[in-house]
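Trainee: Just to be clear, the model below is a prediction. Sequence and coordinates:
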Amino acid sequence: MHAMLMVVAVAIAFSLPSGIHFFIHRWWPMISTNPDLLFLTEASLAAALVVVFISIKNALQNRDFVDSAKLASLVHASSKAGWMTRWRERSLMKKVPVSGTACVMTVTGYDTFAHKDSQFRQVLQEAREIRVMLLNPMSDGARMRADSLSDERDYYGHLLDEIHESIAYLKELRQAGKKVTLKFYDHRPFWKLVIVGDYVWVQYCHDGFEVNAVPEYVFALHSSSPERGLYTPFNILFTEKWNETPYLDFDFETDELVHRDIYGNELGRALLPRSPHAEKKLAVARNSQCALTGYIPNEA
């Protein structure tokens, strides 16, 4: 870009003397005696000046926007999923180094890392430690989220299916040797946060809208001035939510939710519920297994 601007500037500089000579000795004598041509020239010059002044104004405004984005450490923002947006996101992901810890706070995690085409699936595979916070489907926050989107029964079952898909993927990461910790929060979703290295991806969980339907913002850490920008506040927000007590975590060995007090002592356990559709599939699978083995379960 800089080389192109330099070439254009040199071309304009060399063309000025010949252009001025042409205007004074050939163009001006011709239009001075032709009122129509004179008017056309004046109108063209006025239009060119308007374009130049508008361009200067826009350039100054864009400079203010760029300075504000730098102050907030905003490196990327998108509201629609197009090929240009995906290309910019891929370019940004290439800048993100392999991180020791990846932190995720979202609703179900399915679109974030569990789906095969999700944006952070590869990132979690490269991280050594993974901390994930998902919405507790049995909480009041989940019911409020369901009420704001659609029919509660439909959304609730969809939410459960996606959470189980995310847990299945996290189990795969554990089997690959990753340190994976999963916690659940009870409050209504407010922010979706993904922190990888010196970057944080932020989306607002607006009532009545799916998370993927709202804009996404990416903030980077000012390594020399960490107090600047929005990376540090969002990082602190995740840390505070992660360290809140008492808390609810997930036991990958028993597939149970574990309620713990402020000292980490276990207060109780509960199986994570499944959607009616998933329960029906499991029942069909059990019946098929019984038919293959010849086992007939006792009925109460």
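Mentor: Perfect, I can see it now. Numbering: from 1, shown residues only.

Trainee: What ranges does the stretch 1-150 of the chain have for its strands?
Mentor: 74-78, 101-105, 129-135 (DSSP state E, counting those that start in this stretch).

Trainee: I'd like the ones you listed written out as JSON lines, with mean neighbour count and distance to L170 added.
Mentor: The C-beta positions use only the backbone N, C-alpha and C, and glycine is treated the same way. Formatted as JSON lines, these follow (neighbours: other Cβ atoms under 10 Å; distance: least, Cβ to Cβ, whole Å):
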{"stretch": "strand 74-78", "mean neighbour count": "16", "distance to L170": "26"}
{"stretch": "strand 101-105", "mean neighbour count": "22", "distance to L170": "10"}
{"stretch": "strand 129-135", "mean neighbour count": "22", "distance to L170": "7"}
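
Trainee: Tell me which of these sits nearest to K183.
Mentor: strand 129-135 (5.1 Å; Cβ to Cβ).

Trainee: okay, the angle between the closest one and strand 101-105?
Mentor: Relative orientation of strand 129-135 and strand 101-105, computed by axes from the mean of the first three to the mean of the last three Cα atoms, to 10 degrees: 0 degrees.

Trainee: what's strand 129-135 packed up against?
Mentor: Using 3 or more Cβ pairs under 8 Å, 6 or more residues apart in numbering; DSSP states H and E, the elements in contact with strand 129-135 are strand 101-105, helix 140-149, helix 152-175, strand 179-185, helix 231-242.

Trainee: Out of those, which is the most enclosed?
Mentor: strand 101-105 (a mean of 22; mean count of other Cβ atoms under 10 Å).

Trainee: Kindly report the domain assignment for the protein.
Mentor: 21-72, 77-280 (automatic domain parsing).

Trainee: want to try TSV for the strands of the stretch 1-150 of the chain, with distance to L230 and mean pLDDT as columns?
Mentor: Listed next are the strands of the stretch 1-150 of the chain as TSV, based on distance: least, Cβ to Cβ, whole Å; pLDDT from 0 to 100:
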stretch	distance to L230	mean pLDDT
strand 74-78	8	86
strand 101-105	15	95
strand 129-135	19	96
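
Trainee: Would you reformat those strands as a markdown table and include distance to R88?
Mentor: Converted to a markdown table, the strands of the stretch 1-150 of the chain look like this (distance: least, Cβ to Cβ, whole Å):
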| stretch | distance to R88 |
| --- | --- |
| strand 74-78 | 6 |
| strand 101-105 | 21 |
| strand 129-135 | 25 |
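
Trainee: Indicate which one of the helices and strands packed on strand 129-135 is closest to V75.
Mentor: helix 231-242 (9.6 Å).

Trainee: Now do the closest one: everything it contacts.
Mentor: 73, 103, 105, 131, 133, 183, 185, 191, 193, 195, 198-200, 202, 219-222, 226 (Cβ atoms under 8 Å, 6 or more residues apart in numbering).

Trainee: hmm, 10 Å instead?
Mentor: With contact meaning Cβ atoms under 10 Å, 6 or more residues apart in numbering, helix 231-242 is reached by 72-75, 103-105, 131-133, 181, 183, 185, 187, 190-191, 193-195, 198-202, 217-222, 225-227, 247.

Trainee: Go through the domains of the chain and find the least confident stretch.
Mentor: Note on the domains of the chain: lowest mean pLDDT is at domain 21-72, with a mean of 71.

Trainee: May I have stretch 240-250 exported as PDB, CA atoms only?
Mentor: Output of stretch 240-250 as PDB, limited to C-alpha atoms (Å, rounded to 0.1, in the frame of the first residue of the first chain):
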ATOM      1  CA  GLU A 240     -13.900 -13.700  38.900                       C
ATOM      2  CA  LYS A 241     -16.600 -15.900  37.500                       C
ATOM      3  CA  TRP A 242     -14.300 -18.900  37.500                       C
ATOM      4  CA  ASN A 243     -13.300 -18.400  41.200                       C
ATOM      5  CA  GLU A 244     -16.800 -17.800  42.400                       C
ATOM      6  CA  THR A 245     -17.900 -20.000  45.300                       C
ATOM      7  CA  PRO A 246     -19.800 -22.200  46.000                       C
ATOM      8  CA  TYR A 247     -19.600 -23.700  42.500                       C
ATOM      9  CA  LEU A 248     -20.800 -26.500  40.300                       C
ATOM     10  CA  ASP A 249     -18.300 -28.600  38.400                       C
ATOM     11  CA  PHE A 250     -18.500 -31.700  36.200                       C
END
